[in-house]
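1. Sequence first, then the predicted structure:
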Amino acid sequence: MIVGSACMSANDPIVSNVDLANPDAEQTSNHTRSATPSSQTRISPKVKDTADSSSESTITSNEIVPTATAVTTTSVALTEQPKYKSLGDALPQPITEELTPAAIVAAQAEHLANLYETSVESVVFITADTRMSAGSGSGFVWDTEGHLVTNYHVIQTAIQSSTSLIVKFFNGREYRAEVVAWDRDSDLAVIKINEIDHKLIPLPMGNSSETRPGEMAIALGNPFGEEFTMTTGIVSAVTRTLSSGFSSYSIPAVMQTDAAINPGNSGGPLLDMNGAVIGINTQIKSSSRQNSGVGFAVPVDLAKRVVPSLINNGQHSYPLMGISGNEVNILLREKANLPRDILGAYVNRTSVDGPADLAGIRGDSSSTGSLNFDGDVIVSINSIPMKSMDDLIGYLALNTSPGDEIIVGVFRDGKEIAIPMTLGSRPATS
């Protein structure tokens, strides 16, 4: 399998067989890894009850049509109520109506068409032409000041050649954009347009931490240069850990989707069913550099931390624990003689004088590369269970900052102990 960026750039990274489980790789340890419109209609999955005690109604097999029940409410005036029934204020009274499968499909199509019309005005087509190469990708409006968010690899050639970018909106407006800042560790970047002559509408931000597999996912972008394309699918998985291709650190809590993502989609938004951003499309896994149903998006919860830092400070600082580790799987559990219910991150080693080392967390005592299986197992942070190394990486990146005081739950010598720690700051990626 080949993991590659979904950007149509000559500098697209193609990362083959990324091994995130290398026990000596600092990347697995040193870094820390819209509102819904109100409606009076609810669609009930129950089929309308066809049972009727009345002798006037009979049902034959050819009369049974699959239906869903829509429940709406209406206010009934007091004068319409029986005189013997005291209601006080008017109360909503349920009224049912049947929706056929065709009506449900039509309602979904109408919703997606409306969502497209609402959201596409905030999506941009980014091109960077240099003497060496030409590339294109996607992005979206972050604020009304002209800041746009995209992937680092979309604008990488412009950084290297000091070439300006051209940004095109759905309404046909085109602007030159300048690079504000970028973060290789998350593959995110901010660019800015000036002298704006039309209204910018930022996309609403969702919460990737609340997104569940199976929920609708909608990708907007410019695959293969086909401008302002919408594709749909579902969220296939959450909390993946993915190499950015530009850093020894991994992107935490990555979202996986089967919505079609292809070269040119990079930097575009991944939306939920209400049009809120839940991710920034970044990579695909494919042997042909085309969609195979496995696409990845940087979680919006990470973008909500990184992007403001890039705009205000020109960089983002990640917290540092200073360990390398492995997930506690059945083989490690057996070798280390751990209880079957122990989950977490096994500490292979700690960085000398790093936060974990100074706090007293113990790594494996081996100095030869093989393990003696006598290191600590991190099972929680601030009383929140860490079921894996990915959990630890994601929690630190999304919930903590350099200098924070945390309590690390460690399983050692058959019991759990609590160790206070002050987080450090991850060295900047050059």
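-> Nice, I can see it. Everything numeric in this text was worked out from a predicted model, so none of it was measured. Residues are numbered from 1 along each chain as shown.
2. for the stretch 301-430 of the chain, what spans make up the helices?
-> Applying DSSP state H, counting those that start in this stretch to the stretch 301-430 of the chain gives helices spanning 330-335, 355-359, 389-399.
3. again but with the stretch 151-300 of the chain, I slipped
-> Under DSSP H, counting those that start in this stretch, the stretch 151-300 of the chain gives helices at 152-161, 300-313.
4. Tell me which of those helices sits most buried.
-> A comparison of these by mean neighbour count, using mean count of other CB atoms under 10 Å, puts helix 152-161 on top with a mean of 23. (C-beta placed from N, C-alpha, C; glycine too.)
5. That one: how far from the chain's middle?
-> 23 Å (CA atoms, centre = their mean, to the nearest Å).
6. so for that helix, what's the average pLDDT?
-> For helix 152-161, mean pLDDT is 89.
7. Kindly export it (C-alpha atoms) in PDB.
-> Output of helix 152-161 as PDB, limited to C-alpha atoms (Å, rounded to 0.1, in the frame of the first residue of the first chain):
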ATOM      1  CA  TYR A 152       1.400  22.400   4.000                       C
ATOM      2  CA  HIS A 153       2.100  20.200   1.000                       C
ATOM      3  CA  VAL A 154      -0.300  22.200  -1.100                       C
ATOM      4  CA  ILE A 155       1.800  25.400  -0.700                       C
ATOM      5  CA  GLN A 156       5.200  23.800  -0.200                       C
ATOM      6  CA  THR A 157       6.400  24.700  -3.700                       C
ATOM      7  CA  ALA A 158       5.400  28.300  -3.200                       C
ATOM      8  CA  ILE A 159       7.500  28.500   0.000                       C
ATOM      9  CA  GLN A 160      10.500  26.900  -1.600                       C
ATOM     10  CA  SER A 161      10.400  29.200  -4.700                       C
END
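8. and it, what other elements does it pack with?
-> Helix 152-161 sits against strand 123-129, strand 134-141, strand 174-183, strand 188-193, with contacts defined as 3 or more CB pairs under 8 Å, 6 or more residues apart in numbering; DSSP states H and E.
9. and the angle from it to strand 134-141?
-> Interaxial angle, helix 152-161 versus strand 134-141 (axes from the mean of the first three to the mean of the last three CA atoms, to 10 degrees): 120 degrees.
10. Next, the buried residues of stretch 178-196.
-> By neighbour count on 16 or more other CB atoms under 10 Å, the buried set for stretch 178-196 is 179-193.
11. How about stretch 216-225?
-> 216, 217, 218, 219, 220, 221, 222, 223.
12. for that stretch, what is the average pLDDT?
-> Rounded mean pLDDT across stretch 216-225 is 96.
13. Output it in PDB with nothing but the alpha carbons.
-> Output of stretch 216-225 as PDB, limited to C-alpha atoms (Å, rounded to 0.1, in the frame of the first residue of the first chain):
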ATOM      1  CA  MET A 216     -22.000  11.100   7.100                       C
ATOM      2  CA  ALA A 217     -18.800  12.700   5.600                       C
ATOM      3  CA  ILE A 218     -18.800  15.200   2.800                       C
ATOM      4  CA  ALA A 219     -15.600  16.200   1.000                       C
ATOM      5  CA  LEU A 220     -15.400  19.500  -1.000                       C
ATOM      6  CA  GLY A 221     -12.400  20.300  -3.100                       C
ATOM      7  CA  ASN A 222     -10.800  20.200  -6.600                       C
ATOM      8  CA  PRO A 223      -9.800  16.600  -7.400                       C
ATOM      9  CA  PHE A 224      -7.600  16.400 -10.500                       C
ATOM     10  CA  GLY A 225      -8.300  20.100 -11.000                       C
END
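14. before we move on, the earlier item: closest to residue 212 among the buried residues of stretch 178-196?
-> Nearest to residue 212 among these, counting by CB to CB, is residue 186 at 22.4 Å.
15. Looks like the closest one contacts residue 254 (just checking).
-> No. With contact defined as CB atoms under 8 Å, residue 186 does not reach residue 254; the gap is 9.9 Å.
16. Adding distance to residue 230, write the helices of the stretch 151-300 of the chain out as a markdown table.
-> Shown next, in a markdown table, are the helices of the stretch 151-300 of the chain (distance: least, CB to CB, whole Å):
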| stretch | distance to residue 230 |
| --- | --- |
| helix 152-161 | 19 |
| helix 300-313 | 18 |
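17. and residue 381, which of those helices is closest to it?
-> helix 300-313 (16.5 Å).
18. Relative to the whole chain's centre, how far out is the closest one?
-> The answer for helix 300-313 is 14 Å, by CA atoms, centre = their mean.
19. pLDDT on it, on average?
-> 98.
20. could you say what helices and strands it packs with?
-> Counting by 3+ CB pairs under 8 Å, 6+ apart, helix 300-313 packs on strand 147-151, strand 174-183, strand 188-193, strand 250-257, strand 277-285, helix 389-399.
21. partners of the fourth one, with directions?
-> Strand pairing for strand 250-257, determined by DSSP bridges: strand 229-243 (antiparallel), strand 295-299 (antiparallel).
22. mind checking which of the ones you listed is nearest residue 378?
-> Nearest of those (CB to CB): strand 229-243, 15.7 Å.
23. Mind listing what's buried along the closest one?
-> 229-233, 235-236, 238-243.
24. Turn these into TSV, including distance to residue 316.
-> TSV is the format used below for these (distance: CB to CB, whole Å):
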residue	distance to residue 316
229	30
230	30
231	29
232	31
233	29
235	25
236	27
238	22
239	20
240	20
241	18
242	17
243	18
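25. Residue 163: which of those residues is nearest?
-> Distances from residue 163 to the buried residues of strand 229-243, taken by CB to CB, are shortest for residue 229, at 25.2 Å.
26. Enumerate every residue touching the residue nearest to the closest one when sequence neighbours are not counted.
-> In space, residue 229 comes closest to residue 223 once its chain neighbours are excluded; the distance is 5.5 Å by CB to CB, 6 or more residues apart in numbering. Applying CB atoms under 8 Å, 6 or more residues apart in numbering, one finds that residue 223 lies in contact with 6, 229, 231, 260, 261, 262, 263, 264, 265.
27. Tell me the most packed of the residues you listed, by neighbour count.
-> The most neighbours of any of the contacts of residue 223, using other CB atoms under 10 Å, belong to residue 265, which has 34 neighbours.
28. That residue contacts residue 221, correct?
-> Yes. Counting by CB under 8 Å, residue 265 does reach residue 221; the two are 3.8 Å apart.
29. on that earlier part again, between residue 186 and residue 254, which contacts overlap?
-> residue 298.
30. The helix ranked longest in the chain - contacts with which helices or strands?
-> When the chain is parsed with DSSP state H, its longest helix is helix 101-119. Contacts defined by 3+ CB pairs under 8 Å, 6+ apart place helix 101-119 against strand 216-221, strand 229-243, strand 269-271.
31. so what strands line up beside the shortest one?
-> Spelled out, that is strand 269-271. strand 216-221 (antiparallel), strand 277-285 (antiparallel).
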